[in-house]
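**Student:** Turn this into a structure:
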Amino acid sequence: MSSDWNTLWPVFTASVGQTLWMVAVTMLCGGVLGLLLGVLLYTTRRGGLLPNAPLHTALNLVVNLVRPIPFIVFITAVGPLTLKVVGTTIGTAAATFPLVLAATFGISRIVEQNLVTIDPGVIEAARAMGAGPLRIITTLLVPEALGPLILGYTFVFVSVVDATAIAGAVGGGGLGNFAIAYGYQRFDWVVTWTAVLALVLLVQLAQFLGNRLARRALRS
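**Tutor:** Okay, the predicted model is just below:
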């Protein structure tokens, strides 16, 4: 069957906008929360800047419990919480909330793993010079791991784009919903592959920018 793009084009552009909105909000909110949680995981571990075994164990347990859950299951599992916070479980805003939660826990582990690679001797030298934990975190730890962190965030960006497509399958809107509702369910493969191409281009652009920024950070 031929695609009626006079009708589909406004829907397609709206779907692109919904996907971009979900990704942007998720990367902003989940990125900040994940960074804070990752730093907390790193600093509260044994021998860290702020060692706290009970807190570290609790945070580590929560992250380990959430991260392995497939997003299609996670978005339905947190439905009651989404309903309380957002007021609905259907739509772009309702899909963005679990996206932020999932990204937060995923990013936190990436942040922690990158901070662990920093030479402990550098941290000890900073402490010997009288630098406090907050100053060490903001002026040493994060800047030192900036290049790998950018690559890690780029990886998460790709995963979030993938998750937005999954969210479309459960009424989240975006390109995933467009591909399913206007392509797959109508056996219109042109529409389906148009959505796929848009997702691929978005991912490729993000990967290119992420790699470029990471190279700059590593050279500085």
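
**Student:** got the contact list for the closest residue to N52 other than its chain neighbours?
**Tutor:** Counting by Cβ to Cβ, 6 or more residues apart in numbering, N52 lies nearest to T44, which is 4.3 Å off, once chain neighbours are set aside. Yep, even glycine has a C-beta here, placed from its N, CA and C like the rest. Contacts for T44 (Cβ atoms under 8 Å, 6 or more residues apart in numbering) come out as L50, P51, N52, A53, L55, H56, L59.

**Student:** Give the helix, strand or coil label for the first one.
**Tutor:** So that's L50. coil (DSSP: H, G, I helix; E, B strand; the rest coil).

**Student:** show me the contacts for it.
**Tutor:** T43, T44, P133.

**Student:** For the residue nearest to the last one when sequence neighbours are not counted, the count of nearby residues, please.
**Tutor:** With Cβ to Cβ, 6+ apart as the measure, L49 is the residue that lies nearest to P133, at 4.4 Å, once sequence neighbours are left out. When counting by other Cβ atoms under 10 Å, one arrives at 19 neighbours for L49.

**Student:** same thing with the one 3 residues further on?
**Tutor:** N52 is surrounded by 15 other residues when neighbours are defined as other Cβ under 10 Å.

**Student:** and the gap between it and L36?
**Tutor:** 15 Å (Cβ to Cβ, to the nearest Å).

**Student:** for L175, same thing?
**Tutor:** From L175 to L36 the distance is 30 Å (Cβ to Cβ).

**Student:** cool, and L199?
**Tutor:** For L199 relative to L36 (Cβ to Cβ), the value is 29 Å.

**Student:** List the contacts of stretch 60-70.
**Tutor:** L37, L41, F74, A77, L101, A102, F105, G106, S108, R109.

**Student:** let's go with 6 Å and repeat that
**Tutor:** F105, S108, R109 (Cβ atoms under 6 Å, 6 or more residues apart in numbering).

**Student:** Looking at L199 and L36 now, which is surrounded by more residues?
**Tutor:** L199 (21 against 14).

**Student:** which one is that one nearest to, not counting chain neighbours?
**Tutor:** L175 is the one closest to L199 (Cβ to Cβ, 6+ apart), at 5.7 Å.

**Student:** Give the burial count for the one you found, as a bare number.
**Tutor:** 26.

**Student:** what does G79 give?
**Tutor:** 14.
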